[in-house]
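**Q** Sequence plus the predicted model coming up.
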Amino acid sequence: MKEEIAKIKENSIREILESKNLKELSGLKVKYLGKKGELTVVLRGMGKLMPEERPIIGTLVNDVRDELDLVVDKKEKELKKAELQKQLESENIDVTEASKKTVLGSLHPITQIINEVEEIFLGMGYEIASGPEVEKAIYNFDKLNTPKDHPARDIQDTFYITEDIVLRSQTSPVQARIMEKQKPPIKIICPGAVYRSDSVDATHSPVFNQIEGLVVDKNISMADLKGTLEMFAKRCLGENTKIRFRPHHFPFTEPSAEADVSCFVCGGKGCKVCKNEGWIELLGCGMVHPNVLKNCGIDPEEYSGFAFGFGVERIAMAKFGIEDMRLLFENDVRFLKQF
């Protein structure tokens, strides 16, 4: 058996030293030192030996195993060093070679408008609020004074998940949630995506972005609303921008109005952007309906407020002279890189 062990030692050391790569070395390690390796087989055959021979052979096998471990470790270091050197040589970088052109992106026009509007209202002391896009009907409709028989609640106008869960059709539910949890004074804007069952065309989309604003405090009036919107319009669209109100109806505000701004391209003279009218429809607004305040736990006898809301796409289209809303969603780089 001593001769067999000596032969295993001689062959294993020779093969290990001649191994060309780490994979080959790993195979030899298993062949000689593994659980089913040649040295392990020798140990398992020690039961056939005389009792006095077993410790001698056992010691001899362990000495050979230790020696092979050292040889394997040394060879492994050599092979790793050689492979690293080969990798460094093959991956050598020529720093004088011209690099690939890096193409930098830019903010999407919708994101630009949202950032700009947020900056304006933050400067006016507003806070930014957010809420779920998959919303309970009670927040999307009931608390906002929109009864069950209102046309806005028809399945043709609203995406229903269940009878009581909808994709929010406006960011107004955020206002209701804030009024429920926070006592006045409240001064917030609510940017976010909204969903309506509209066909896609140049001015409509089933998914678009909206920013709504809400102020609730004592002695808030229509004059505060108009002054706020005038300041916003001047900062967003230019210092010479004027604003006008037209009577309208929204279930959650009373009185309600549509707000137009003077065309910032032609100054009100009439052009392609304003369709020769001199005015551009901007947003809907009004004084918060007493029922809405009451539904959200605020006493309408003590507090009043105003609210407004507009589509971000509408601002972007007006400000950048875009005639088709679909351009904002098709992600054509040739279009987007202009901004």
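**A** Sure thing, it's come through.
**Q** that's a strand at Gly268, yeah?
**A** No. Using DSSP: H, G, I helix; E, B strand; the rest coil, the assignment for Gly268 is coil, not a strand.
**Q** What about it, how many residues nearby?
**A** Residues near Gly268, counting by other Cβ atoms under 10 Å, number 18. Yep, even glycine has a C-beta here, placed from its N, CA and C like the rest.
**Q** so it touches Gly278, yeah?
**A** Yes. Counting by Cβ atoms under 8 Å, Gly278 is a contact partner of Gly268 at 4.1 Å.
**Q** Show me the common contact partners of those two, please.
**A** Contact criterion Cβ atoms under 8 Å, 6 or more residues apart in numbering; residues shared by Gly268 and Gly278: Ser262.
**Q** Keeping just the C-alphas, turn the worst-scoring helix or strand of the chain on mean pLDDT into PDB.
**A** Taking all helices and strands of the chain together, the one with the lowest average confidence (mean pLDDT, DSSP states H and E) is helix 38-44, at a mean of 73. The C-alpha atoms that make up helix 38-44 are tabulated as PDB, following Å, rounded to 0.1, in the frame of the first residue of the first chain:
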ATOM      1  CA  GLU A  38      -7.700   8.300  -5.000                       C
ATOM      2  CA  LEU A  39      -6.400   9.100  -1.500                       C
ATOM      3  CA  THR A  40      -9.800   8.700   0.000                       C
ATOM      4  CA  VAL A  41     -10.100   5.300  -1.700                       C
ATOM      5  CA  VAL A  42      -6.800   4.200   0.000                       C
ATOM      6  CA  LEU A  43      -8.200   5.300   3.400                       C
ATOM      7  CA  ARG A  44     -11.300   3.300   2.900                       C
END
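**Q** Could you list the buried residues of it?
**A** Judged by neighbour count using 16 or more other Cβ atoms under 10 Å, the buried positions of helix 38-44 are 38-39, 42.
**Q** Present these as TSV; the columns should include distance to Lys218.
**A** Compiled in TSV, the buried residues of helix 38-44 are given as follows (distance: Cβ to Cβ, whole Å):
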residue	distance to Lys218
Glu38	93
Leu39	91
Val42	96
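**Q** coming back round to it: just checking, what packs against the following helix or strand past the least confident helix or strand of the chain?
**A** In the C-terminal direction, the helix or strand that comes right after helix 38-44 (DSSP states H and E) is helix 54-90. If contacts are counted by 3 or more Cβ pairs under 8 Å, 6 or more residues apart in numbering; DSSP states H and E, helix 54-90 sits against helix 2-18, helix 22-33, helix 38-44.
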